[in-house]
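In: quick check, what structure comes out for this input:
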Amino acid sequence: MTLSKSLQKTPVTIITGFLGAGKTTLIRHVLENAKGRRLALIVNEFGDVGVDGDILKSCGVENCPEDNIIELANGCICCTVADDFVPAIEKLLALPQKPDHIIVETSGLALPKPLVKAFDWPPIRAKLTVDGVVTVVDGAAVAAGRFADDPEALLAQREEDQSIDHDNPLEEVYEDQLLCADLVILNKADLMSKDEIASVTDQINTTVPRAVRVVETHEGKVASEILLGLSAAAEDDLASRPSHHDHEEEHDHEDFDSFALPIGEVADVDAFIARLKNIADQFDVLRIKGFLDVTGKPMRLLVQGVGTRFRHQFDRPWTKDEKRNGALVFIAEKGIDRAAVERALHAH
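Out: This next block holds a predicted model:
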């Protein structure tokens, strides 16, 4: 006997993945190709400027209206479950038209397992189930060794100093996101050779201790029927999703710094993007994203950078009541010199 729709648990898909892997682009594609599903979305950002939520709200998709999109910008969603996540879920479930499926986009620095654990809470378990954890991987970055330690360099350092404690927080975050996955999206495959795709896929299969499908794509173009409907019930399967942080009471993001900087009117976009590339290279910035006011243009410019790779396009017109205030979020490992970044940003 089939449960009535009012008694069925609402499926939730958690989209995780490192900074700049392409989560927002993937979700936008799903929203625009929902195949009749009524969707709702919770977006969690690491940074003061709500770039991802703003991009998704501008989709104008009938099956996911703006009221169905909730943005949480108070830090990592998995650290603020009771204060932020549960009220957001309750708000979505109370909508006049209850969503058929909820998508949660974590920040690029989030560990997905604590969020999955939250679905085991009695008030959430009764209403929701984790349909699947989808991990988006920037294949080109991994192929370039962005998250891999250099064994020879480490050995040389240890020979010089036996007390050295080598730790790579970037790699831990990346691996934790893979270890929790029910499906891995190998994004930006168009920037990789066949050998690189095979190598990264092999790395993923070696890291994840269970059979997980790896889907190659570019621009986040994955059919909604591949992402939604996995029926993983991940909250019942926590033991097979190991984490580097399983024995910690809680985790934090002290390995990373994030700050937003206001940006005045930009006259020469190409020169400004070149300056951002230099800053990303000089200060080892992981992610730069935000909006710019370009001289003489009625539309705002969306800028997204991963390392020294940048993309920019005009995404929508500035509204009449909106102040044309440009701003960029910078995310880097702990210790970045914010003042030096500001000086480099405004240097001429």
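
In: neighbours of F18, just the number please.
Out: 26 (other Cβ atoms under 10 Å). In this view, the C-beta of every residue, glycine as well, is placed from N, C-alpha and C.

In: now it: how far from R287?
Out: 9 Å (Cβ to Cβ, to the nearest Å).

In: identify the contacts common to those two.
Out: Shared contacts of F18 and R287 (Cβ atoms under 8 Å, 6 or more residues apart in numbering): G108.

In: name the helix or strand for I70, please.
Out: strand 69-72 (DSSP states H and E).

In: check the offset of that strand from the chain's centre.
Out: Mean C-alpha position of strand 69-72 versus that of the full chain (Cα atoms, centre = their mean, to the nearest Å) differs by 14 Å.

In: which other helices and strands contact the one helix or strand P11 maps to?
Out: For P11, the element it lies in under DSSP H and E is strand 10-17. For strand 10-17, the packing partners by 3 or more Cβ pairs under 8 Å, 6 or more residues apart in numbering; DSSP states H and E come out as helix 23-32, strand 101-105, helix 112-118, strand 128-138.

In: quick one, the first one and strand 101-105 angle?
Out: By that I understand helix 23-32. Angle, helix 23-32 to strand 101-105, by axes from the mean of the first three to the mean of the last three Cα atoms, to 10 degrees: 160 degrees.

In: what comes up buried for helix 23-32?
Out: Buried residues in helix 23-32, counted by 16 or more other Cβ atoms under 10 Å: 23-31.

In: quick one: mean pLDDT over the strand holding I70.
Out: Per-residue pLDDT over strand 69-72 has a mean of 73.

In: in its sheet, which strands sit next to it, and in what direction?
Out: strand 39-44 (parallel) (DSSP bridges).

In: can you give me how far the partner strand is from the chain middle?
Out: Relative to its parent chain, strand 39-44 has a centroid offset of 12 Å by Cα atoms, centre = their mean.

In: could you tell me the angle between that strand and strand 10-17?
Out: Put simply, strand 39-44 runs at 40 degrees to strand 10-17, going by the same axes, to 10 degrees.

In: may I have strand 39-44 exported as CSV, CA atoms only?
Out: In CSV, the C-alpha atoms belonging to strand 39-44 read as follows (Å, rounded to 0.1, in the frame of the first residue of the first chain):
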residue,chain,number,x,y,z
LEU,A,39,11.8,22.0,-6.1
ALA,A,40,13.0,24.0,-3.1
LEU,A,41,16.5,25.0,-2.4
ILE,A,42,18.7,25.9,0.6
VAL,A,43,22.0,27.6,-0.2
ASN,A,44,24.8,27.9,2.3
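
In: okay, now the unreliable bits of the stretch 1-150 of the chain?
Out: 1-7, 45-66, 72-83, 147-150 (pLDDT under 70).

In: count of residues packed around the closest residue to G264 other than its chain neighbours?
Out: Spatially, and ignoring its direct neighbours in sequence, G264 is nearest to G326 (6.8 Å; Cβ to Cβ, 6 or more residues apart in numbering). G326 has 20 neighbouring residues, counting by other Cβ under 10 Å.

In: next one: A110
Out: Neighbour count for A110, taken as other Cβ under 10 Å: 27.

In: use 46 as the first number from now on
Out: Okay, residue one is now 46; in that scheme the one you just asked about reads as A155.

In: list phi and psi for it.
Out: Dihedral angles of A155 (phi, psi; degrees, to the nearest 10) stand at phi -80, psi 150.

In: so it sits against T61, correct?
Out: Yes. Using Cβ atoms under 8 Å, A155 is in contact with T61, at 6.4 Å.

In: what strand or helix carries F304?
Out: Here F304, judged by DSSP H and E, is contained in strand 301-308.

In: pairing partners for that strand, with directions?
Out: strand 371-378 (antiparallel).

In: so after the strand it pairs with, what's the next helix or strand?
Out: The C-terminal neighbour of strand 371-378 among helices and strands, as given by DSSP H and E, is helix 383-391.

In: now do that following helix: distance to the chain's middle.
Out: Counting by Cα atoms, centre = their mean, helix 383-391 comes out at 26 Å from the chain centroid.
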